[in-house]
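> how would this look folded up:
(one chain, ligands or ions: 1)
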Amino acid sequence: MTNLMSDPFFRLLKGAVIKATGMQFFADKDDELAEVIGRRIEAIGAADCAAYYQLVTDPQEGRAERDELANELTIGETYFFRHRELFDAIRDVVLPDVIARNRDKRRLRVWSAGCATGAEPYSLAIMLRREFAAALEGWRVHIIGTDINKKFLAIASRAKYGDWALRATPEGERPLYFHAEKDGWSLRPEFRETVSFQAHNLAEDPFPSVADDLYDFDIVICRNVTIYFAEGLVGEVIAGFHECLVEGGWLLPGHAEAGVDLFRAFRTVNVPGAVIYQKPGEDRPSEDWATDIPAPDEESFLDRDADSGDQGREAGGLPLEDAELAALGKLIDRGEWRLALDFAAGIEARYSHRSAFFLRRALAEQGLGRVAEAQESLRKAIFIDRQYALAHYYLGVCLRGQGDLSAAARAFANAASVAGRRRADEGVSDVEGLTFGTLVRMAETQLRMARQ
Ligand SMILES: C[S@@+](CC[C@H](N)C(=O)[O-])C[C@H]1O[C@@H](n2cnc3c(N)ncnc32)[C@H](O)[C@@H]1O
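Predicted coordinates for the structure are as follows:
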């Protein structure tokens with residue numbers, strides 16, 4: 001291995017591999033890369049690193065070997081309904097919008113780019129059938145899952161999973177979507193029929209591509225894929241997705257994945273626990289959630305101070321713009337939970353009466369998986385301001401995550417009731433682009449599900 005790393009062709013090979021897969025991730029992981037390359041050289045009996053380099057960089061002859069490398073180098077961690085908050089947003093914001101837009105053409109096209117073994121596109125198929133069967137009756141629905149790793153795609157096509165892939169699917173729901181088998185769970189055929197898989201390399205294959213059926217999408221979801229890419233490539237990929245979307249279509253990246261600057265061509269919509277992006281379009285239905293948002297660097301998630309409780313005191317003299325709370329909001333926006341908590345600890349003494357402070361702290365705690373602490377912070381926020389609809393909502397999300405569905409239902413009912421007292425088109429101060437109308441709808445859906 002050490003030999004391989006000191007071979008003059010290793011550096012060239014490394015550059016070629018990073019270019020072919022986009023996996024900048026390996027730029028500082030020579031050991032791991034050399035191990036994989038060493039294994040491959042042995043497997044195909046290449047004479048040396050130079051011979052292997054020649055093969056891998058041959059446009060035609062090297063294709064199969066590049067696939068083998070991609071199969072070895074990529075990381076396929078995925079599971080059903082990963083990041084619930086995003087699926088909540090798809091259900092409550094994205095799909096109602098797309099269905100309203102497409103009601104004449106009765107067509108829905110979704111691309112799950114970097115789908116790994118298929119849990120992501122199948123989760124969407126489950127949601128469509130479970131929640132939108134009536135609205136989509138007679139529609140042409142197609143969900144395309146693509147990945148660079150053909151082994152993952154073969155697993156996706158078999159649609160058979162172990163418990164680990166179902167870890168966010170409540171036990172009671174599993175039999176609704178899967179047949180239990182001796183050695184795993186087989187997805188029921190009705191959730192497979194709208195989903196297809198094909199190989200596609202985001203770093204090299206063109207898109208949009210009519211030939212590959214990668215164009216005219218209503219939704220593109222691409223999560224935990226570009227985190228391994230160099231920033232330049234991430235920008236190109238996001239631009240490509242923009243081209244692949246119809247006007248008004250939605251791009252759903254992973255949580256706090258790429259800087260908001262890269263999404264300038266999109267409208268930013270914040271929903272509880274997720275940031276999603278919409279390609280601007282002419283014919284936006286006048287839904288209450290569709291709020292124009294300033295350019296991302298002008299204002300971002302949670303970068304404003306006021307919640308309903310603080311607004312009351314604001315009249316009593318507290319400044320509206322509070323740099324520290326805004327900074328805390330920005331850290332949370334970027335997913336820097338640990339830093340956010342350190343920062344919160346430093347300013348806590350001066351904010352013990354501010355519900356907005358406790359909501360932010362709860363989000364950072366939740367981000368780090370400290371659910372009990374997050375709950376405590378949310379309860380403090382609610383104690384300070386009983387009318388804090390968002391805190392009730394997040395408390396529901398926390399309790400749901402812990403499996404306490406009756407307490408979650410109470411929290412969602414409180415959120416719906418408190419938010420319902422506000423004007424439907426009024427913006428929720430903490431979350432850019434979210435209105436009280438949408439929050440009521442989201443809380444009510446959650447309430448229904450918690451009571452099921
Ligand atoms: C961590 S998984 C994410 C799976 C799923 N999107 C999720 O969030 O659950 C990352 C996937 O990206 C794929 N990938 C990596 N580089 C890629 C590329 N250049 N083109 C397409 N897919 C790629 C990997 O093969 C892997 O399946």
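> contacts, neighbours, all on C-alpha from now
Will do.
> what residues does the strand or helix carrying A411 touch?
Using DSSP states H and E, A411 sits in helix 405-419. Residues outside helix 405-419 that contact it (C-alpha atoms under 8 Å, 6 or more residues apart in numbering): 387-393, 395-400, 436-437, 439-441, 443-444, 446-447, 450-451.
> let's see it at 10 Å
With C-alpha atoms under 10 Å, 6 or more residues apart in numbering as the test, helix 405-419 has contacts from 386-402, 420, 426, 428, 435-452.
> could you give the mean pLDDT of that helix?
Regarding helix 405-419, the rounded mean pLDDT is 92.
> rewinding a little: quick one, which of the contacts of helix 405-419 are buried?
386-400, 420, 426, 428, 435-447, 450 (16 or more other C-alpha atoms under 10 Å).
> Please flag which of those sit within helices.
389-400, 436-447, 450 (DSSP state H).
> Nearest spatial neighbour of the residue of the stretch 251-400 of the chain found nearest the ligand, chain-adjacent residues omitted?
In the stretch 251-400 of the chain, the residue that lies nearest the ligand is G254 (6.9 Å; C-alpha to the nearest ligand atom). Spatial nearest neighbour of G254, chain neighbours left out: R223 (4.1 Å); criterion: C-alpha to C-alpha, 6 or more residues apart in numbering.
> What are the boundaries of the helices in the stretch 101-250 of the chain?
119-132, 150-158, 174-177, 231-244 (DSSP state H, counting those that start in this stretch).
> For G38, find the nearest of those.
Nearest of those to G38, taken as C-alpha to C-alpha: helix 150-158 at 20.2 Å.
> what stretches of this protein score poorly on pLDDT?
1-2, 256, 282-321 (pLDDT under 70).
> Tell me the residues of it that contact the ligand?
Neighbours of the ligand within the chain, by C-alpha under 6 Å from any ligand atom: 21-22, 74-79, 114-116, 120, 147-149, 200-203, 222-225.
> Let me know which of the helices of the stretch 101-250 of the chain is tucked in deepest.
helix 119-132 (a mean of 20; mean count of other C-alpha atoms under 10 Å).
> what residues are up against the residue most central in space within the chain?
With distances taken as C-alpha atoms, centre = their mean, the residue of the chain nearest its centroid is G254 (3.0 Å). Shown in contact with G254 (C-alpha under 10 Å, 6+ apart): 82-83, 86, 221-227, 274-276.
> now L73
Shown in contact with L73 (C-alpha under 10 Å, 6+ apart): V17, T21, M23, F25, F26, E32, L33, V36, I37, D67, N149.
> In these, which residue is surrounded by the most others?
In terms of neighbour count, N149 stands highest of those at 27 neighbours, by other C-alpha atoms under 10 Å.
> Surely that one touches H200?
Yes. With contact defined as C-alpha atoms under 10 Å, N149 reaches H200; the gap is 8.5 Å.
> per-domain residue ranges of the chain.
Per automatic domain parsing, the structural domains of the chain span 2-73, 84-278, 308-451.
> so how far is the second one off the chain centroid?
Which is domain 84-278. 9 Å (C-alpha atoms, centre = their mean, to the nearest Å).
> Quick check: phi and psi on the residue of the chain most remote from its centre?
Centroid-distance maximum for the chain: A47 at 43.6 Å, with C-alpha atoms, centre = their mean. Backbone torsions of A47, given as degrees, to the nearest 10, read phi -60, psi -40.
> so what's it up against?
I41.
> Any figure for the gap between it and D385?
71 Å (C-alpha to C-alpha, to the nearest Å).
> repeat for G240
From G240 to D385 the distance is 44 Å (C-alpha to C-alpha).
> still on that earlier bit, is it correct that the residue nearest to G254 is in contact with P121?
No. Counting by C-alpha under 10 Å, R223 does not reach P121; the two are 11.5 Å apart.
> that older thread, filter the residues of the chain next to the ligand down to just the buried residues.
21-22, 74, 76, 78-79, 114-116, 120, 147-149, 200-203, 222-225.
> Next step: the residues you listed restricted to strands.
Of the positions in those, D147, C222 sit in strands, assigned by DSSP state E.
> one step back: could I get the contacting residues of the residue nearest to G254?
Counting by C-alpha under 10 Å, 6+ apart, R223 makes contact with T78, R82, S112, A113, G114, C115, E120, L252, P253, G254, H255, E257.
> between these, which is closest to D7?
Of these, the one sitting nearest to D7 (C-alpha to C-alpha) turns out to be G114, at 32.4 Å.
> That closest one contacts V237, doesn't it?
No. If you go by C-alpha under 10 Å, G114 and V237 don't touch, sitting 11.8 Å apart.
> Need the overlap of contacts for these two.
In contact with both G114 and V237: L202, C222, T226, using C-alpha under 10 Å, 6+ apart.
> The last one: neighbouring residues, count only.
Residue neighbour count, defined by other C-alpha under 10 Å, stands at 25 for T226.
> check contacts around it.
22-25, 114, 202-203, 233-235, 237-238, 253-254, 257-258.
> Distance of it relative to I238?
9 Å.
> so what's E204 closest to, chain neighbours aside?
Per C-alpha to C-alpha, 6+ apart, closest to E204 is A20, 6.6 Å.
> residue ranges of the strands in this structure, please?
Using DSSP E, strands in the chain cover 107-113, 140-147, 160-161, 178-181, 184-187, 195-199, 217-222, 245-253, 267-271, 274-278.
> Quick check: the nearest residue to A119 once chain neighbours are set aside vs L95, distance?
Spatial nearest neighbour of A119, excluding adjacent residues (C-alpha to C-alpha, 6+ apart): F80 at 4.8 Å. In this view, F80 and L95 are 18 Å apart by C-alpha to C-alpha.
> Show me which of these two is the more surrounded one.
Set F80 next to L95 and count neighbours by other C-alpha under 10 Å: F80 wins out with 21 against 18.
> That one against L166, yeah?
Yes. Counting by C-alpha under 10 Å, F80 touches L166, with 5.6 Å between them.
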